[in-house]
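Peer 1: Task: produce atomic coordinates for the following.
(one chain, ligands or ions: 1)
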Amino acid sequence: MTYETILTETVGAGPLKTGVIRLNRPKQMNALSDQLMDELGAALLAFDADDGIGAIVVTGNERAFAAGADISIMAKYDYMDAFKKGHISRNWETMRQVRKPVIAAVAGFALGGGCEVAMMCDMLIAADTAKFGQPEIKLGIVPGAGGTQRLPRAIGKAKAMDMVLTGRMMDAAEAERSGLVSRVVPADQLMTEALAVAEQLCGLGMPSVMMAKDAVNRSFETGLTDGIAYERRLFHSLFGTEDQREGMGAFLEKRKPEFKNR
Ligand code: CO8
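Peer 2: Residues are numbered from 1 along each chain as shown. Modelled structure (predicted):
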C-alpha cells in the first residue's frame, strides 16, 4: 500500500523483523489529520498481520513526534462534525487492536493527540529533546483520545491534573522521573535504542511476548483478583507452546534459545 503521510520500512537481521512507521507531515509538525490516522492504523494492522514482523516502532522526526490533532482542520468543526460524522474519532483506537509490541520513539514535541498516540504504545522511549503535553485546555477543549485517562494511570493524579489543567509541557527528564517514559537517550541515539529494544523483542518467543503485552494491558481494565486469574490462564497456556520447551531446554543446556514462535 502507498502512504502519503507516513513512511514505512522493515529492518532487522533475524528471522523476525521490526516494522518502522515514521509520521511524516514535517511542515505541520506531524499534526494528526484523518488521513494520517487512517494510514497509521492501516500500517499498524498490516505489520501486526505479517508473520515476519515481531515488533513495531512508531516515530516522528527530530522536531516533533506529533504536535497533536490538526488544528487547521478541527477549527472549522461544529459539534455535529465532531460527533455525528465521526471526524477526529473514528480512527484513533486502531492501535488498541495491535497484538504485537509497539514502541514509541519520541523526539521533540509530543503534544495533545501526539502525546495520546505515544501513550497508546506499549513502550515509550524518549530523546532528551522530547517534550510532552496535553495543551488542549488552551484551545478551549479537553484531550479526546485518552489523555485524561492514560496520563493519570501513567504519572498519577497530581501530575496529570497539573498537565491537563494548565496545558504545560513536561521535558524528557521529568517524563522519565514521573514514569511516562521508560528510557531517555541522547537524541542522536533514539532510533538506535528503539531498534535495539525491538530487535531484542524479535528474538524472543512471540506467543509469550504477545501474552505479556496482553496481560499488562489487562491490568488497566480489571481488578486485581480477575487480573491475576487472567494472567494465570495465560501462564498455563504457554506450557502448550514449543517456545516454552525451547526456552527452558536451552537454559538447562546452557545455550541460546532458538524460538520457533509456535
Ligand atoms: N495542527 C496543525 N498545524 C500545526 C499543529 C497542529 N496541532 N502544530 C503545529 N502546526 C504547524 C504550525 O501551524 C506551523 O505551520 P506554518 O509554518 O504553516 O505556520 C508549523 O506547524 C510549525 O509550528 P510553529 O511555527 O508553531 O513552531 P514552533 O516551534 O514555534 O512551535 C509547537 C511548536 C509548540 C508544537 C506549536 O506549533 C504548538 O503549540 N502547536 C499546537 C500544539 C497543540 O495545541 N496540540 C494539541 C492539538 S488538539 C489535539 O491534539 C486534540 C486531540 C484529540 C483527538 C481526538 C480523537 C478522538
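Peer 1: switch to C-alpha atoms for all contacts and neighbour counts from now on
Peer 2: Noted.
Peer 1: Can you pull the residues of the stretch 51-200 of the chain lying near the ligand?
Peer 2: Contact residues (Cα under 6 Å from any ligand atom) of the stretch 51-200 of the chain with the ligand: 67-72, 88-89, 92, 109, 111-113, 135-136, 143-145.
Peer 1: Give me the residues contacting stretch 203-222.
Peer 2: Identification of contacts with stretch 203-222 by Cα atoms under 8 Å, 6 or more residues apart in numbering yields 14, 16, 54, 99-101, 122, 201, 227, 230-231, 234, 238, 241, 243, 259-262.
Peer 1: Kindly recompute the last result at 7 Å.
Peer 2: Residues outside stretch 203-222 that contact it (Cα atoms under 7 Å, 6 or more residues apart in numbering) are 54, 99-101, 227, 231, 234, 238, 243, 259, 261.
Peer 1: The residues of the stretch 51-200 of the chain next to the ligand in helices, which ones?
Peer 2: 71-72, 113 (DSSP state H).
Peer 1: Can you tell me which of the contacts of stretch 203-222 has the largest number of neighbours?
Peer 2: Greatest neighbour count in those, by other Cα atoms under 10 Å, goes to Gly54: 29 neighbours.
Peer 1: OK, contacts around that residue?
Peer 2: 16-18, 100, 201-202, 206.
Peer 1: Quick one: residues contacting the residue in the stretch 151-262 of the chain that the ligand sits nearest to.
Peer 2: Closest approach between the stretch 151-262 of the chain and the ligand, counting by Cα to the nearest ligand atom: Gly167, at 8.7 Å. The contact partners of Gly167, taken as Cα under 7 Å, 6+ apart, are 133-138.
Peer 1: ranges for the strands of the stretch 1-150 of the chain?
Peer 2: Per DSSP state E, counting those that start in this stretch, the stretch 1-150 of the chain carries strands over the ranges 6-11, 17-23, 53-59, 64-66, 102-106, 109-111, 123-127, 131-133.
Peer 1: Walk me through which strands the fourth one pairs with, and which way each runs.
Peer 2: Strand 64-66 has the following sheet partners, assigned by DSSP bridges: strand 109-111 (parallel).
Peer 1: Need the buried ones from the residues of the stretch 51-200 of the chain next to the ligand selected in ChimeraX.
Peer 2: Per 16 or more other Cα atoms under 10 Å, the buried members of these correspond to this ChimeraX selection:
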select :67,68,69,70,88,92,109,111,112,113,135,136,143,144,145
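Peer 1: related to what we said a few turns ago, so which of the strands of the stretch 1-150 of the chain is the most packed in?
Peer 2: The highest mean neighbour count among the strands of the stretch 1-150 of the chain, using mean count of other Cα atoms under 10 Å, belongs to strand 64-66: a mean of 31.
Peer 1: among the contacts of stretch 203-222, which two are most distant?
Peer 2: With distances taken as Cα to Cα, the most widely separated pair in those is Gly227 and Phe259, at 27.2 Å.
Peer 1: Mind telling me what element the spatially closest residue to Asp243 that is not a sequence neighbour is part of?
Peer 2: Distances taken as Cα to Cα, 6 or more residues apart in numbering put Phe259 closest to Asp243, at 5.3 Å, once the chain neighbours are dropped. Phe259 belongs to no helix or strand when assigned by DSSP states H and E.
Peer 1: What are the boundaries of the strands in the stretch 151-262 of the chain?
Peer 2: Under DSSP E, counting those that start in this stretch, the stretch 151-262 of the chain gives strands at 169-171, 183-185.
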